[in-house]
Every structure is written in structure tokens, then in C-alpha cells.
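**Q** Provided below for reference: sequence and predicted model.
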Amino acid sequence: AVVRADAAGPRCVVTKDPQTTPLTDEGYQAVLSRSTVSETVVFFNRVVKSIQAVVLDRLPLMGLALSPPTSLFDLRAVLVAATWVCELLTESPCEPPAAPALTEDNFKLIAA
């Protein structure tokens, strides 16, 4: 763990724990250094909550965790622009994306 103190704020402890490390670039880099997708997703979910948004589709979030942006700034930009993330402070309601059409191929995948 690394203790970081800012002149403007309290001390914070940067760890590799995605549930508790600060939502700073240092915390983001610490989580990325572990290189586990599930832990990266946990951190991403915290970032989504911090921008007062919700994830409508978890699959693209997991895909993003496989190839994450290099900085927290870039991650926030991707999340704000993502069609699968809904900001709660907007005028439009948050609705999940429509389910894919049930084609014969999709049916085979479900039935398997």
C-alpha cells in the first residue's frame, strides 16, 4: 500500500484492492497492475457510480476491462460516451438496450 497525502485533502491509501483504493489515477493504476478482469470490473463499477450513472449492459463493461484505457481520465471519457451507461442526472430515462432478435442461431446458443 502507498500512502498519499495532498495539501488540499486528507491522506488516502492506494492499494490494489478495487473496492477500497481511491478513485484516482494512482488507484486505477494499482488495480490495473493486478491484471484481473473481475477486479477491474469492480473498480469500473465504482467509477460509474461516482459519475452518478448505471451500467445497462455488463458485457461491454467486461470487454472494456479486457482492454482498459490507460488513464482514469480516459476511462471516465469512455464511460460517459458509452451507450451502455446511463447517466442518472439526464432528462431521458435509463432503459436497458433491446434484447437481440431471436434468430435460429441465437436459439441454438440458448438451447445448447
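**A** Cool, got the structure.

**Q** ok, longest helix in this structure?
**A** Assignment by DSSP state H gives helix 37-50 as the longest helix of the chain.

**Q** per-residue confidence averaged over that one?
**A** Mean pLDDT, helix 37-50: 95.

**Q** Check which helices and strands it sits against.
**A** For helix 37-50, the helices and strands in contact under the criterion 3 or more CB pairs under 8 Å, 6 or more residues apart in numbering; DSSP states H and E are helix 25-34, strand 53-55, helix 58-66, helix 72-81. No exception for glycine: its C-beta is placed from N, CA and C like everyone else's.

**Q** contacting residues for the residue positioned nearest the centre of the chain?
**A** Geometric centre of the chain, nearest residue: F44, 2.2 Å, by CA atoms, centre = their mean. With CB atoms under 8 Å, 6 or more residues apart in numbering as the criterion, the residues that contact F44 are L61, L64, A65, P68, L75, L79.

**Q** Settle this for me: the second one is touching A77, isn't it.
**A** No: no contact is recorded between L64 and A77 when judged using CB atoms under 8 Å, the distance being 11.9 Å.

**Q** which of the two has more neighbours?
**A** Legend: neighbour count by other CB atoms under 10 Å for L64 and A77, higher for L64 (19 against 12).

**Q** for the more buried one, what are its contacts?
**A** F44, V78.

**Q** Please report the distance of it from V13.
**A** Using CB to CB, to the nearest Å, L64 is found at 26 Å from V13.
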